[in-house]
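> Model the following, please.
(chains A and B)
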Number of protein chains: 2
Amino acid sequence: MNVTVLAGGVGAARFLRGLVQVVDPTSITVVANTGDDVVLHGLHISPDLDTITYTLAGAIDPERGWGLAGETWQAMDGLRRYGGIDWFNLGDRDLATHLHRTQRLRDGAGLAEVTGEIARAWGLTLRLLPVTEDELRTMVTVVDEGEIGFQEYFVRRRHDVEVTAVRVAGASSARPAPGVLDAIGSADVVVVAPSNPLVSIGPLLAVPGVREAIEAVRGRTVAISPIVGGAALKGPADRMLRELGHDASATGVARLYKDLAAVLVVDERDRDLQAAVEAEGVRAVVTDTVMSDPEVSARLARTVLDAVQVGR
Amino acid sequence: MNVTVLAGGVGAARFLRGLVQVVDPTSITVVANTGDDVVLHGLHISPDLDTITYTLAGAIDPERGWGLAGETWQAMDGLRRYGGIDWFNLGDRDLATHLHRTQRLRDGAGLAEVTGEIARAWGLTLRLLPVTEDELRTMVTVVDEGEIGFQEYFVRRRHDVEVTAVRVAGASSARPAPGVLDAIGSADVVVVAPSNPLVSIGPLLAVPGVREAIEAVRGRTVAISPIVGGAALKGPADRMLRELGHDASATGVARLYKDLAAVLVVDERDRDLQAAVEAEGVRAVVTDTVMSDPEVSARLARTVLDAVQVGR
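Numbers count the residues shown, from 1 in each chain, chains lettered A, B, ... in the order given. Sure thing, here's the model as predicted:
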């Protein structure tokens, strides 16, 4: 069974940690968001790709949820001496990833190729693809500062500021990375991971051809709601949904995804929204979606796969 | 008294460590070689500028002679995981300098401005200038591999290979950095530091206008021979001089510098070469030039300054 997962960062990584327990990893393709990539200090940084890789390698820092466990911070301390940009934390071990990626891109390798090299170096056997090799930049308009880059919003402003608009720069001319459309079209199951619909999944869908490819396989696509009991488990998805005029609920997520997915997996706590979700034309499957440990992730992965099998 | 020093890396840094003890540092300008700069992993690395800064800050690793004392190597260890370029050692603390420099250059700052910022952050009060803000790349043709970048020759090949040619790419279109020609023209003493004449001082002289500026003040210019007893104290200068058809001796150095400097300071061990040096039209001053500690450096600096005063 081939499974393709549309993925943002932490939530997607936790889901994948379960999925690899229930499906042969070599039959999994992950199509990951690159809209929150940033070039800083000349280095090409791909936070979502790295969070997925480090999580699946068992190397992620479990406290922070990003970066590497056992990290050191000598380079950051040095940057502070110079009064340079220090709001984006770059651990010494993590820097190796950005240094290598940047060198390989300068050598002329594509981001998909480099991403594969890095994933293999960490022992991953699933296929991890950036949604595009072209520059995609999620831009966030915040109420007091105008439009800023996603990492500036997310890290520098700690996503603690009202958002009035989101724009995906570069989307109209971006091409899906090699393998992306095939992976969606040929999958037995397509999963939209529990990531922020607006700034993790949204940029991915903004790449021409990707939304259409998923709509074409809507009947075998399952989304997992990143909103549980009206709140995001991590990050600003709930607040951002409200600020941009959506419902911060599983129902609101169903409305955003109804053309893409036949099924929405919602949390036990949202059992009372089942009818409202289904009124949007999306079948609701209720289960525990709070991936507090890998066992919950594995159970969730099995439920997601079963949801499509049952639906056939 | 204003002193301007033409500088390469380690030998120049050791001389400067003495010079700042005998002259007000705020009256010293250092014009440093950037021909061995390299862009690696997307980072702009300026080895000579950094060696000078770290040495004068008392932060250089005394064993290695390059990089920072108390350095850690997490990023390098990580790079090895990826099988990437790992022959150029980048310490975690040292990386901060390259990260900051690269970001500032991307911001549009010139290399002279950024170099000044970094030097001030380390507490330096002398003026440290790159010879040019334009790209200058010393290329070395080695017998078994053809033309390679200087760092590839120096670090990857450990300068343990026969050199058949040296070329300074970018020199013809490079412009002296702001302040460089003024610093040479207005100096009371110009010093050519004991650096490799071919790959440290040579690239500097290859920037149009620099050689002419020094020739115009030849009477107050003193060079220090980097060759002592027929050998370089550090690096491949002796071998390279021979391979490229020069004499690996104080006399050979006098021949290379005779249009630039009225005085050549040679080591006690080369006292017997005094007449040969002076036969080249360069006055020879004999003293201890082996800067084994800061006191020797300071004595050498005083001798250098006196050499010009006496000559007047």
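
> What segments of the stretch 151-300 of chain A are strands?
For the stretch 151-300 of chain A, the strands defined by DSSP state E, counting those that start in this stretch cover A:163-169, A:189-192, A:221-224, A:227-228, A:231-232, A:263-267, A:283-287.

> do you know which of these lies nearest chain B?
Proximity to chain B (Cβ to the nearest Cβ) singles out strand A:163-169 among these, at 17.9 Å. All C-beta atoms are positioned from the backbone trio N, CA, C, and that covers glycine.

> Doesn't A:Leu90 belong to a strand?
No. Per DSSP: H, G, I helix; E, B strand; the rest coil, A:Leu90 lies outside any strand segment and is coil.

> which ones are touching it?
A:40-41, A:43, A:45, A:75-76, A:98, B:99 (Cβ atoms under 8 Å, 6 or more residues apart in numbering or on different chains).

> if we can go back for a sec, of all the strands of the stretch 151-300 of chain A, which one is nearest A:Asp182?
strand A:189-192 (12.2 Å; Cβ to Cβ).

> so what does that closest one touch, helix or strand wise?
With contacts defined as 3 or more Cβ pairs under 8 Å, 6 or more residues apart in numbering or on different chains; DSSP states H and E, strand A:189-192 has these neighbours: strand A:3-7, strand A:221-224, helix A:294-311.

> Now tabulate these in TSV and tack on mean neighbour count.
Converted to TSV, those look like this (neighbours: other Cβ atoms under 10 Å in any protein chain shown):
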stretch	mean neighbour count
strand A:3-7	28
strand A:221-224	27
helix A:294-311	18
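
> could the strands of the stretch 151-300 of chain A be laid out in CSV, adding mean pLDDT?
Shown next, in CSV, are those (pLDDT from 0 to 100):
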stretch, mean pLDDT
strand A:163-169, 96
strand A:189-192, 98
strand A:221-224, 98
strand A:227-228, 96
strand A:231-232, 94
strand A:263-267, 98
strand A:283-287, 97
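
> now the ones you listed in CSV, with distance to B:Thr221?
Shown next, in CSV, are the strands of the stretch 151-300 of chain A (distance: least, Cβ to Cβ, whole Å):
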stretch, distance to B:Thr221
strand A:163-169, 54
strand A:189-192, 71
strand A:221-224, 74
strand A:227-228, 74
strand A:231-232, 68
strand A:263-267, 78
strand A:283-287, 81
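
> Which among these is found nearest to A:Gly67?
Taking Cβ to Cβ, strand A:231-232 is the member of the strands of the stretch 151-300 of chain A nearest to A:Gly67, at 20.4 Å.

> correct me, but A:Tyr54 touches A:Ile60?
Yes. Using Cβ atoms under 8 Å, A:Tyr54 is in contact with A:Ile60, at 4.2 Å.

> any common contacting residues for those two?
Common neighbours of A:Tyr54 and A:Ile60 (Cβ under 8 Å, 6+ apart) are A:13, A:67-68.

> just to revisit the earlier point, make TSV from the helices and strands packed on strand A:189-192 and add distance to B:Arg106 to it.
Shown next, in TSV, are these (distance: least, Cβ to Cβ, whole Å):
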stretch	distance to B:Arg106
strand A:3-7	29
strand A:221-224	39
helix A:294-311	39
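
> how about low-confidence regions in the stretch 201-312 of chain A?
Residues of the stretch 201-312 of chain A that meet the criterion pLDDT under 70 lie in A:310-312.

> Closest residue of the stretch 101-250 of chain A to chain B?
Ranked by Cβ to the nearest Cβ, the top residue of the stretch 101-250 of chain A for proximity to chain B is A:Thr102, at 3.7 Å.

> phi, psi of A:Met139?
Phi and psi for A:Met139, reported as degrees, to the nearest 10, are phi -110, psi 140.

> Next up, the contacts around the closest residue to it other than its chain neighbours.
Of all residues not flanking A:Met139 in the chain, A:Arg167 sits nearest, at 4.6 Å (Cβ to Cβ, 6 or more residues apart in numbering or on different chains). The contact partners of A:Arg167, by Cβ under 8 Å, 6+ apart, come to A:138-139, A:141, A:147.

> Check whether A:Ile118 really touches B:Tyr82, as I assumed.
Yes. Using Cβ under 8 Å, A:Ile118 is in contact with B:Tyr82, at 6.5 Å.

> and for the two, which residues touch both?
A:97, A:100.

> Neighbour count: these two, which is higher?
A:Ile118 (24 against 21; other Cβ atoms under 10 Å in any protein chain shown).
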